[in-house]
Each structure stands twice: as structure tokens, then as C-alpha cells.
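In: sequence first, predicted coordinates after that:
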Amino acid sequence: MDKLTKQQQTRYLFARACFGATSAELEEATRKPLRKVVRQLFGDSKTVSELSVVKPEENETKKQLKGQFRDGQLDKDMLKERIRDNAEKVRDLNLQWLDQMATSKAALREKMALFWHGHFACRAQGRNPLFMQQYANTIRQNALGKLGDLLMAVSKEPAMLQFLNNQQNRRNAPNENFAREVMELFTLGRGNYSEHDIKEAARAFTGWQFTPEGQFVFRERIHDEGDKTIFGKTGAFKGEDIIAMLLENKQTARFITSKIYRFFVNETEDKKQVDALAEQFYKSGYDISDLMETIFLADWFYDAKNVGAHIKSPVELLVGLRHTLGVQFDQPQPQIFVQRTLGQLLFYPPNVAGWPGGKNWIDSSSLLFRMQLPNYILKATEVTVQPKEDGDVNTQLLARKGNAKFRTTVNWADFENAFTKSSDTELIDSIATVLLPFPLRPDQRTLLESQTKSGQTRPERIQTLTAALMSLPEYQLT
């Protein structure tokens with residue numbers, strides 16, 4: 001591919017920094033200098049609206065949990081009902097976040113938060129939808145701020161402390177899980193610390209706990225106050241001291257920058273580019289916005305080798321489709337069905353390392369469903385595919401039985417408006433430039449033409465071509 005045109009650059013920027021663009025957004029942005037478009041994306045993401053499906057006072061407390069016992073015995077029916085209710089609240093949180101991704105002007109913030117959700121992977125535990133709500137809002141609020149603030153805040157989230165077993169980390173009985181993952185997955189990466197560092201850091205994190213109401217609390221009586229030796233330094237360190245040490249280590253900047261590069265630019269890392277970005281990231285005091293703006297304004301970001309090199313995650317695919325065409329689901333359940341079937345259910349990453357991404361998104365069991373998804377959504381086609389089983393009772397509670405039919409409303413009028421100036425012969429290519437990372441090949445153009453019918457009105461033709469273009473393999477790429 002030759003050097004990108006201004007329209008191709010703009011489309012690519014929106015695909016990577018956000019969840020794609022509507023035809024109107026693309027038309028407006030293409031008329032502006034690229035620097036101004038990038039600045040506007042950051043400006044639109046300055047504010048964040050909190051997700052809210054459960055109020056703190058509604059969360060389970062010990063008093064409520066006692067109500068699940070009858071005559072000293074656990075009331076299984078009441079417990080099942082409670083678990084189902086909590087799973088539904090997490091589902092509602094999932095759907096509310098999807099809505100923010102698809103419709104909010106703060107698309108860059110939401111895309112960055114999706115990245116952090118995979119990096120600071122945390123899986124919903126049975127009893128606490130409030131904990132997941134607080135966790136989600138923390139990563140969204142800090143998504144474009146300073147890494148130090150984000151790392152400290154997410155490490156103190158009850159959802160994370162619970163997921164990584166730090167509630168069981170006590171003086172004289174340390175649990176190393178939390179300390180290990182903070183180093184291996186959140187900051188330094190595997191191989192950049194010793195087992196001794198982990199053992200000593202676990203002692204420093206003793207006392208980091210949470211209340212049933214979802215508040216972080218430091219409990220001195222179970223904290224190990226003795227001296228610890230970590231990274232060659234000795235002192236009566238607490239958890240905050242460990243976080244500070246990790247941020248002092250340039251390897252943290254290198255590890256985080258590398259993951260951001262592979263997510264937003266190319267899975268094949270350019271060492272020279274990543275090293276330069278990591279150095280800048282470290283010197284800026286880990287300013288995430290500064291790092292991302294540098295990436296989006298770099299000439300190399302728009303190299304042809306990066307275009308189409310990213311396979312959309314299931315959430316990116318679903319949200320992008322919704323945003324581009326203004327799709328609204330009459331019932332919310334199909335969006336959960338899509339996530340489960342394609343293997344990325346928000347708040348249920350497969351493990352502490354998050355979703356592997358890249359080519360792992362494409363497998364024989366989900367590829368056909370991926371390719372047919374636009375038709376399912378745009379044409380209300382019957383779905384016979386079954387979602388993947390992950391062995392988690394909480395996600396199984398979200399399953400729908402039997403066949404699914406996607407009933408949606410599509411904002412075709414707004415989408416079609418962008419093509420009023422395109423002649424009939426230009427129409428296919430005009431729509432393709434909005435939807436695909438690459439120009440159409442002659443054989444693809446012929447195939448698409450064959451799918452339109454004589455006598456179709458122009459709106460009908462646009463709708464037919466749009467569904468056909470979205471069913472091409474290239475639509476799976478950004």
C-alpha cells in the first residue's frame with residue numbers, strides 16, 4: 001500500500017484510538033489537520049460519566065449475608081437467588097459500559113479503559129457487583145492520567161484485592177499472589193524480579209484489606225512491621241512503598257509501553273520506537289495522555305505496515321458496529337451472547353493475565369460467527385450458534401437458551417447522508433473507505449456488485465452493500 005491518504009489516516013486513527021467513526025465524523029475530521037483531530041479526541045475524553053447499576057447501600061453486608069441462614073443452616077434457595085441477582089447486576093454493568101463505548105464522545109477514554117481492563121485483569125467474584133462497578137470506574141477515571149495514580153488506585157480496589165487473595169495475606173501467614181501479580185503482570189513483567197522480592201513484598205502488602213461495604217482499609221494489627229529487603233533496599237516497607245519502588249524502576253515504563261504499543265500500533269514490536277516511547281513515558285512521570293498523544297501524532301504510527309495489522313477484539317467488533325451505524329438492540333441479551341460466543345465477556349477475563357488477543361481471537365469455533373455477525377445484527381437473522389463454555393457458574397447464569405434472534409434498530413438515515421454526493425459507480429468505494437482498512441480489490445468489487453439487486457432504491461443498495469462489506473474478512477481488522 002502506498003502512503004495513506006488523509007481520509008485513510010483519519011479512519012485508521014479513529015479505528016485505533018476509538019471504536020471507529022461514523023461516516024459523518026470521518027467526513028468532518030478529514031477536513032481538519034491531523035494534530036487538531038488528535039487534540040479533539042483528548043478534549044472529548046476529559047470528563048467521565050460514572051457507571052452506576054448498584055448503590056453502595058445495596059451491596060451485601062455481613063448483616064444481609066446472615067439473612068441467608070435459616071435455623072443455623074445455609075438457605076440454598078436464597079443463596080442461589082442472591083448469586084443470580086448479583087450476576088445480573090454485573091451483566092447490567094457490562095451493558096452500561098458497552099453503551100458508553102458505543103455512544104459517548106469520550107471514546108478515547110473508553111478505549112484506553114478497555115486496554116487497562118485487560119492489563120489490570122480482574123474477574124467478577126460471586127457476591128459483589130459493587131466491587132466491579134468501583135473497579136470499572138477507577139480504570140475509566142484514571143485511564144488517561146498518571147500511571148502511578150492508576151496503579152495505586154486499582155491495587156487498592158476491593159475487587160482486585162479479593163481476586164488476588166490479599167484479604168488472606170497476614171502477618172505470620174503471607175499470601176504471595178497479590179505481590180506476584182503486581183510485579184509480573186502490572187509493572188515489571190516476568191523475569192525482572194526475584195522470588196525473594198515477591199516474598200518480601202507480600203509481607204509489605206499485609207494489612208491491605210477491604211470492608212464488606214467496599215472500602216479499602218489498612219489493618220495495622222495484621223501488618224508485618226518488620227524490615228523487608230526488596231530490590232536491594234531494606235526498611236519497614238508498606239504496600240505504598242512497594243508501588244513507589246516499582247514506578248522508580250525503568251523496566252515498568254518499558255513493560256507498559258510495550259503492551260500499549262502492541263495493542264494500539266502493531267503486535268510486532270519495533271524495539272527502537274518502544275525504547276524511545278518508554279524513555280519519554282518515564283521522564284514524563286508516567287503521563288499516559290502524553291504517551292498516547294505522541295503515538296497518535298508520530299509519522300510511523302501511520303506507516304502502511306501498521307494498517308490492518310490489528311484484529312478487532314469481540315468488544316471492539318461489537319462496539320464498532322454499533323457506533324458506526326447507530327445500532328440499538330431492542331433487548332440487551334444478544335450483546336452478552338456475542339461476547340460469550342466470541343470469547344471476550346467484560347468483567348470475566350479468562351485469568352489474571354487477561355485476554356491474550358491478536359490471532360487468539362480467531363479460531364474455528366468462532367470465525368464463522370464473527371463473519372456472520374453483521375448480518376445477524378443488521379438483518380435480524382436467526383442464530384443457532386452456542387456460546388463457549390468457560391466453567392464459570394456466573395457467566396452460565398447469563399446464557400440464553402435455544403436460538404437467538406437479534407432485534408435491532410439501525411440509524412440508516414444518518415449513515416446514508418454521507419454518500420449523497422457519491423455517484424452510483426462510486427458508491428461501493430465510498431462506503432468501503434468508511435468501513436475497511438484497505439481499498440477494495442477488483443474481485444471484491446465484482447462480488448459486492450453481484451449482491452445488489454436490480455430495482456433496489458438507493459437506500460436499499462447502501463444497506464445491502466454495507467452488510468456485504470462488513471461481512472468481508474477485512475472488516476475484522478483495523
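Out: Structure's in. What do you need? Numbers count the residues shown, from 1 in each chain.

In: the closest residue to residue 226 other than its chain neighbours and residue 147, how far apart?
Out: Closest residue to residue 226 apart from its sequence neighbours, by C-beta to C-beta, 6 or more residues apart in numbering: residue 236 at 6.8 Å. The way it works is simple: take the backbone N, C-alpha and C, and place the C-beta from them, glycine included. Look at residue 236 and residue 147: by C-beta to C-beta, to the nearest Å, they are 26 Å apart.

In: the more surrounded of these two?
Out: Comparing residue 236 with residue 147 by other C-beta atoms under 10 Å, the one with more neighbours is residue 147, at 23 against 12.

In: quick one: contacts for the more buried one?
Out: 247, 252, 256, 281, 286, 288 (C-beta atoms under 8 Å, 6 or more residues apart in numbering).

In: which single one of these is nearest to residue 195?
Out: residue 252 (19.0 Å; C-beta to C-beta).

In: on the three-state scheme, the closest one is what?
Out: helix (DSSP: H, G, I helix; E, B strand; the rest coil).

In: name the nearest residue to it, ignoring sequence neighbours.
Out: Residue 252 sits nearest to residue 187 (C-beta to C-beta, 6+ apart), 4.4 Å away.

In: give me the below-cutoff pLDDT ranges for the stretch 301-450 of the chain.
Out: Residues of the stretch 301-450 of the chain that meet the criterion pLDDT under 70 lie in 388-404.

In: can you pull out the strands in it?
Out: Along the stretch 301-450 of the chain, the stretches classed as strands by DSSP state E, counting those that start in this stretch are 328-329, 382-383, 404-405, 408-409.

In: make a markdown table out of those and add distance to residue 419 and mean neighbour count.
Out: Below are the strands of the stretch 301-450 of the chain laid out as a markdown table (distance: least, C-beta to C-beta, whole Å; neighbours: other C-beta atoms under 10 Å):
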| stretch | distance to residue 419 | mean neighbour count |
| --- | --- | --- |
| strand 328-329 | 22 | 16 |
| strand 382-383 | 29 | 15 |
| strand 404-405 | 29 | 16 |
| strand 408-409 | 20 | 14 |
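
In: C-terminal to the host helix or strand of residue 116, what's the next element?
Out: Using DSSP states H and E, residue 116 falls within helix 107-119. As assigned by DSSP H and E, the chain's next helix or strand after helix 107-119 is helix 129-141.

In: I'd like to know which elements that following helix is packed against.
Out: helix 76-103, helix 107-119, helix 147-155, helix 158-163 (3 or more C-beta pairs under 8 Å, 6 or more residues apart in numbering; DSSP states H and E).

In: gap between that helix and the chain center?
Out: Offset of helix 129-141 from its chain centre (C-alpha atoms, centre = their mean, to the nearest Å): 13 Å.

In: now swap in stretch 259-267 and tell me
Out: Centre to centre, stretch against its chain (C-alpha atoms, centre = their mean), the figure for stretch 259-267 is 14 Å.

In: what residues does that stretch touch?
Out: 16-17, 115, 118-119, 269-270, 273-274, 277, 291-292, 295, 301, 305-306, 309-310, 357-358.

In: and if we set it to 10 Å?
Out: 16-17, 111-112, 114-116, 118-119, 185, 189, 268-270, 273-274, 277-278, 281, 288, 291-292, 295-296, 298, 300-301, 303, 305-307, 309-311, 313, 354, 357-359, 478 (C-beta atoms under 10 Å, 6 or more residues apart in numbering).

In: any idea what the nearest residue to residue 156 once chain neighbours are set aside is bridged to?
Out: With sequence-adjacent residues excluded and distances taken as C-beta to C-beta, 6+ apart, residue 156 is closest to residue 216, at 4.3 Å. Beta-bridge partners for residue 216, by DSSP bridges, are residue 210.

In: contacting residues for residue 216?
Out: 134, 153, 155, 156, 157, 158, 160, 161, 208, 209, 210.

In: what's the closest of the residues you listed to residue 128?
Out: Of the contacts of residue 216, the one sitting nearest to residue 128 (C-beta to C-beta) turns out to be residue 158, at 7.1 Å.

In: how much space between the closest one and residue 207?
Out: Counting by C-beta to C-beta, the gap from residue 158 to residue 207 is 14 Å.

In: of those two, who's got more company?
Out: residue 158 (26 against 21).

In: contact partners for that one?
Out: 59, 125, 128, 130-132, 134-135, 166-167, 209-217.

In: tabulate the strands of the stretch 301-450 of the chain (JSON lines), appending distance to residue 229.
Out: As requested, these are exported to JSON lines (distance: least, C-beta to C-beta, whole Å):
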{"stretch": "strand 328-329", "distance to residue 229": "55"}
{"stretch": "strand 382-383", "distance to residue 229": "57"}
{"stretch": "strand 404-405", "distance to residue 229": "57"}
{"stretch": "strand 408-409", "distance to residue 229": "59"}
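
In: to residue 141, which of these lies closest?
Out: strand 328-329 (26.6 Å).

In: okay, now the sheet partners of the closest one, with direction.
Out: strand 408-409 (antiparallel).

In: chain center to the partner strand: distance?
Out: 24 Å.

In: what's near enough to touch the spatially most central residue of the chain?
Out: Nearest residue to the geometric centre of the chain (C-alpha atoms, centre = their mean): residue 114, 2.1 Å. Contacts for residue 114 were tallied using C-beta under 10 Å, 6+ apart; they are 19, 97, 101, 139-140, 143, 263, 313, 315-316, 319, 344, 346.

In: just the pLDDT for it.
Out: Model confidence at residue 114, given as pLDDT, is 99.

In: so where's the stretch 101-250 of the chain shaky on pLDDT?
Out: Checking the stretch 101-250 of the chain against pLDDT under 70 turns up nothing.

In: could you rerun that using 90?
Out: Across the stretch 101-250 of the chain, the ranges flagged by pLDDT under 90 are 125-128.

In: which of the helices or strands spans the residue nearest to residue 25 when sequence neighbours are not counted?
Out: If the residues on either side of it in the chain are set aside, residue 25 comes closest to residue 14, at 6.9 Å by C-beta to C-beta, 6+ apart. Using DSSP H and E, residue 14 sits within helix 6-17.

In: that helix packs against which elements?
Out: helix 23-30, helix 34-44, helix 107-119, helix 250-264, helix 288-297, helix 314-325, helix 427-435 (3 or more C-beta pairs under 10 Å, 6 or more residues apart in numbering; DSSP states H and E).

In: between that helix and helix 34-44, how big is the angle?
Out: Angle of helix 6-17 versus helix 34-44, following axes from the mean of the first three to the mean of the last three C-alpha atoms, to 10 degrees, is 30 degrees.

In: what's the mean pLDDT across helix 6-17?
Out: So the average pLDDT for helix 6-17 ends up being 98.

In: mind listing what's buried along that helix?
Out: 8, 9, 10, 11, 12, 13, 14, 15, 16, 17 (16 or more other C-beta atoms under 10 Å).

In: could you report the neighbour count for residue 283?
Out: Residues near residue 283, counting by other C-beta under 10 Å: 12.

In: contacting residues for it?
Out: Residue 283 touches 250, 253, 290, counting by C-beta under 10 Å, 6+ apart.

In: looking at it, the last one is touching residue 257, isn't it?
Out: Translated: residue 290. No: counting by C-beta atoms under 10 Å, residue 290 stays clear of residue 257, with 11.8 Å between them.

In: shared neighbours of these two, anything?
Out: 280, 281.
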